[in-house]
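> Please work out how this folds:
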Amino acid sequence: MKKILFPTDFSEIANNAFVHALGLARLVQGELILLHTYELPIVENQFAPMNYQSVFDSLELANLDKFKDEVPKLRQIAEENNFADIKMSHMLMDGDLIFNIKEIIKKEPIDFVVMGTSGAVGWKETFVGTTTGEAIASLSVPVLSIPKDAKYTKISTIGFTTRFREKDKEALKQVIKIAKAANASVKCLYVKTTTSDNDEATFNNWKEIFKSEPVTFFILPDENIKETISDFITNQGIDVLAMLTYKRGFFESLFTTGFTEKMSYNSEIPVLALHE
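The predicted model follows:
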């Protein structure tokens, strides 16, 4: 059974992402591991050692009580969205969120991490300077980021950007598995610039390899990669955009100011970040 790690702070953004995590769990026949983290404060030296423990114990108890209060609410959300059958387990950990996620991944065979983001209001900040951005850049498993306004619906079309490298094939196969489970199609985009090093033989090779799969290839000549991707999302009715992170600099460049304005029209599109 696939395992999906879902970090939550029990906010509205996280609760919205929770529904998407449940939907992914159903698609891949997986289970959810819900993670809530908190950080204990640094206590000044003037406290006696016994007072340290008293402070920590009270904070841990408060977080545990909050956790116990919130978990039933998540189960209710699952029931209201017809996901009551999804298997769920829960983890409460103190410490840094990203560190804890990495520790869990070391110990558990996690297949996906699903996280809520703040949406198009700050695409650059969301993917570069926030916790979700750090997760995308540093985790070894696919990260599905859910903008705050993304309403969960049936996935019909998954977009996938490629540079037609050999390692892209494995990522595309991953996306195809999800698409088949959702009875969806994949639209694969390559933006061909004047400096592109792929030729017609490469394109034809990919088309031949994936000819029996629900994949359509789009080779669009344009110098502006970011705008072309954004227009592709709009024009092709993409429900989820899957993309390899490549080098961190290239991935981050997709979420700089110019692209932010374009992506504001696609603020409800979840992004599945796949790693090389």
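
> Surely V71 is within a helix?
Yes. Counting by DSSP: H, G, I helix; E, B strand; the rest coil, one finds V71 located in a helix.

> Give me the phi and psi for the spatially closest residue to it that is not a sequence neighbour.
Leaving aside its sequence neighbours, V71 sits nearest to H90 (Cβ to Cβ, 6 or more residues apart in numbering; 5.9 Å). From N, CA and C alone the C-beta is placed, and that goes for glycine too. Note on H90: its backbone torsions stand at phi -130, psi 140 [degrees, to the nearest 10].

> Who are the contact partners of H90?
Each residue near H90 by Cβ atoms under 8 Å, 6 or more residues apart in numbering is listed here: 33-36, 67, 71.

> now V141
105, 110-113, 275 are the contacts of V141 under Cβ under 8 Å, 6+ apart.

> Could you identify the buried members of the residues you listed?
105, 110-113 (16 or more other Cβ atoms under 10 Å).

> among these, which are in strands?
112-113 (DSSP state E).

> Now do N183: how many residues are near it, please.
11 (other Cβ atoms under 10 Å).

> before we move on, what SS does it have?
coil.

> Distance of it relative to V143?
24 Å (Cβ to Cβ, to the nearest Å).

> And the furthest pair within the contacts of H90?
I33 and F67 (13.9 Å; Cβ to Cβ).

> Show me which of the two is the more surrounded one.
Neighbour count, other Cβ under 10 Å: between I33 and F67, I33 has more, with 20 against 16.

> Pairing partners for the strand or helix carrying that one, with directions?
Assigned by DSSP states H and E, I33 belongs to strand 30-38. Strand pairing for strand 30-38, determined by DSSP bridges: strand 2-7 (parallel), strand 88-94 (parallel).

> Distance to L22 and mean pLDDT for these - can I get that in CSV?
CSV is the format used below for the strands paired with strand 30-38 (distance: least, Cβ to Cβ, whole Å; pLDDT from 0 to 100):
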stretch, distance to L22, mean pLDDT
strand 2-7, 9, 94
strand 88-94, 9, 89
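
> right, so of the ones you listed, which gets closest to E200?
Among the strands paired with strand 30-38, strand 2-7 sits nearest to E200 (Cβ to Cβ), with 37.5 Å.

> Show me what the residue nearest to V71 is bridged to.
Counting by DSSP bridges, the residues bridging with H90 are L34.

> Which positions within stretch 138-151 qualify as buried?
139, 141-148, 150.

> what's the first-to-last distance across that stretch?
The first residue of stretch 138-151 is 27 Å away from its last residue (Cα to Cα, to the nearest Å).

> Give me the mean pLDDT for that stretch.
Average pLDDT, stretch 138-151: 84.

> now stretch 28-42
When pLDDT is averaged over stretch 28-42, the result is 85.

> mind listing what's buried in it?
28, 30, 32-38.

> Let's have these in CSV, adding distance to K207.
Output for the buried residues of stretch 28-42, formatted as CSV (distance: Cβ to Cβ, whole Å):
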residue, distance to K207
V28, 27
G30, 31
L32, 37
I33, 38
L34, 41
L35, 41
H36, 46
T37, 45
Y38, 50
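
> Of these, which is the nearest to K187?
For the buried residues of stretch 28-42, the nearest to K187 is V28 (20.5 Å; Cβ to Cβ).

> Pull the contacting residues for the closest one.
Contacts of V28 by Cβ under 8 Å, 6+ apart are 2, 4, 111-112, 177-178, 181.

> Give me the residue at the spatial middle of this structure.
L144 (1.4 Å; Cα atoms, centre = their mean).

> isn't T202 right next to F164, touching?
Yes. With contact defined as Cβ atoms under 8 Å, T202 reaches F164; the gap is 5.2 Å.

> Neighbour count for the two, which is higher?
Counted by other Cβ under 10 Å, T202 and F164 do not tie: F164 has more neighbours, with 19 against 14.

> pretty sure that one is in a helix, no?
No. According to three-state DSSP, F164 belongs to no helix; its state is coil.

> Apart from its neighbours in sequence, what residue is nearest it?
That would be N198: by Cβ to Cβ, 6+ apart, it lies 4.8 Å from F164.

> K207 too?
For K207, the spatially nearest residue (Cβ to Cβ, 6+ apart) is F217, at 5.8 Å.

> For D231, the count of nearby residues, please.
Neighbour number of D231 under other Cβ under 10 Å is 16.
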